[in-house]
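J.: Give me a 3D structure for the following:
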Amino acid sequence: MPRILFIRLLLLLPVAFSSHADTIRMAVGLALPPYVISAEDRGMELDIVREALALAGHRLLPVYVPFARVPDSFKSGDTDAAMTVTEAAGLAAFYSDEHIEYRNTLVALAERRLQITAFSDLLDYSLLAFQNASHYLPAAYQTMAAQHQNYREIARQNIQVAMLFSGRIDAIVLDINIFNYYRRQERQMNVSADVQFFMLFPPTAYKVAFARQAWRDDFNRGLQQLRSSGRYQQILDAYLRPEAGALSPDTAPVPQ
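T.: Numbers count the residues shown, from 1 in each chain. Predicted structure coming up:
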């Protein structure tokens, strides 16, 4: 082998090994559009994670499970990684940098004229939250949920939106982008009524948990490259559209 060709191969070896095309099985919540649209194997969060890993030569294999089962899927060894988690999940894993923020909110029909100035005020209204909300949201919310007599959490967030507009529930707790997505997709009922957003919660930043440190490090490098190149924002912009008929969030945050 010519010496110059041999040297070139040696220079390429670190790249080849660091970007080895591992297939990473990742636990992904199956009902989180526009973050994850499982039926189409895409979504703004899923696209970010997939592309960040692809920059290091890794292939993402989503394993769709109910959101509450994402940590359990990783703990059982069924998956190599778990998406949309924080250290609060208690996983023995290598956590990535924060890759996405969710913006949880309380949504009510404007005609109800709800008066919310503290989390304790929610005790006066029927409340339907996303699955595991009392695990991820602030301690004051968790205290309220434990005391609430008419509080439930469900996995199917499209049901939250339907129950709100049908008048069967006073308020729902979910991410504002998920609410807007399901409202836009609804075809079987009238969802044109004005709504009010109560921005009670700070944004929740999520991470990816990996079984291997090398995967985590590759992901972090890819994520940084997506951000610095502008591709990260491009992915977000492709999924987020201004929503007609929704009032701007104009309620002051509740003190925590």
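J.: hmm, which helix or strand of this protein has the shakiest average pLDDT?
T.: Across the helices and strands of the chain, mean pLDDT, DSSP states H and E gives its lowest value to helix 3-18, namely a mean of 41.
J.: just the strands in the stretch 151-256 of the chain please.
T.: 151-154, 171-175, 195-198, 204-210 (DSSP state E, counting those that start in this stretch).
J.: Show me what the first one is packed up against.
T.: By that I understand strand 151-154. strand 127-130 (3 or more Cβ pairs under 8 Å, 6 or more residues apart in numbering; DSSP states H and E). Just so you know, the C-beta spots here come from the backbone N, C-alpha and C atoms, and that holds for glycine as well.
J.: Highest mean neighbour count across the strands of the stretch 151-256 of the chain, which stretch is it?
T.: A comparison of the strands of the stretch 151-256 of the chain by mean neighbour count, using mean count of other Cβ atoms under 10 Å, puts strand 171-175 on top with a mean of 23.
J.: Distance from the chain centre to that one, please.
T.: Once both centres are worked out by Cα atoms, centre = their mean, to the nearest Å, strand 171-175 turns out to sit 14 Å from its chain's centre.
J.: Counting by contacts, list what that strand packs against.
T.: Packed next to strand 171-175, using 3+ Cβ pairs under 8 Å, 6+ apart, are strand 104-109, strand 127-130, helix 157-165.
J.: relative orientation of that strand and helix 157-165 in degrees?
T.: 150 degrees (axes from the mean of the first three to the mean of the last three Cα atoms, to 10 degrees).
J.: which residue packs closest to D22, ignoring adjacent ones?
T.: In space, and not counting its chain neighbours, D22 is closest to H58: 5.1 Å by Cβ to Cβ, 6 or more residues apart in numbering.
J.: Please report how far N190 lies from N177.
T.: 22 Å (Cβ to Cβ, to the nearest Å).
J.: again with L46
T.: 14 Å.
J.: now swap in L106 and tell me
T.: Counting by Cβ to Cβ - L106 and N177 are separated by 15 Å.
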